[in-house]
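S.K.: what would the 3D arrangement of this be:
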Amino acid sequence: MAPEKLALRELLAARREEFQVLLDGYDATNPKLFGSVARGAASA
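M.R.: Numbering: from 1, shown residues only. Next up, the predicted model:
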């Protein structure tokens, strides 16, 4: 697995509870990452 993807997975795992609260607030049930975020190429 590419280091960028591993870093993204680690970030998502570390902040899972925060993401879940956010998703619950919008009644989101099946979120998707796409574009530069999914590729691990997003920048500030």
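S.K.: quick one: contacts of the host helix or strand of E18?
M.R.: Using DSSP states H and E, E18 falls within helix 16-25. For helix 16-25, the external contacting residues (Cβ atoms under 8 Å, 6 or more residues apart in numbering) are 12, 29, 31. Quick note: C-beta positions are derived from backbone N, CA and C, even for glycine.
S.K.: can we see that at 10 Å?
M.R.: Contacts to helix 16-25, defined as Cβ atoms under 10 Å, 6 or more residues apart in numbering, come from residues 11-13, 15, 28-31.
S.K.: now for those: which two are most distant?
M.R.: Pairwise distances across the contacts of helix 16-25 peak at 21.2 Å for L11 and T29 (criterion: Cβ to Cβ).
S.K.: tell me how many other residues surround M1.
M.R.: 6 (other Cβ atoms under 10 Å).
S.K.: what's the burial count for the nearest residue to it once chain neighbours are set aside?
M.R.: Using Cβ to Cβ, 6 or more residues apart in numbering and skipping residues adjacent in sequence, the residue nearest M1 is R9, 8.0 Å away. Neighbourhood size, R9 [other Cβ under 10 Å]: 12.
S.K.: want to try JSON lines for the contacts of helix 16-25, with neighbour count as columns?
M.R.: Shown next, in JSON lines, are the contacts of helix 16-25 (neighbours: other Cβ atoms under 10 Å):
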{"residue": "L11", "neighbour count": "11"}
{"residue": "L12", "neighbour count": "12"}
{"residue": "A13", "neighbour count": "9"}
{"residue": "R15", "neighbour count": "11"}
{"residue": "A28", "neighbour count": "12"}
{"residue": "T29", "neighbour count": "7"}
{"residue": "N30", "neighbour count": "5"}
{"residue": "P31", "neighbour count": "10"}
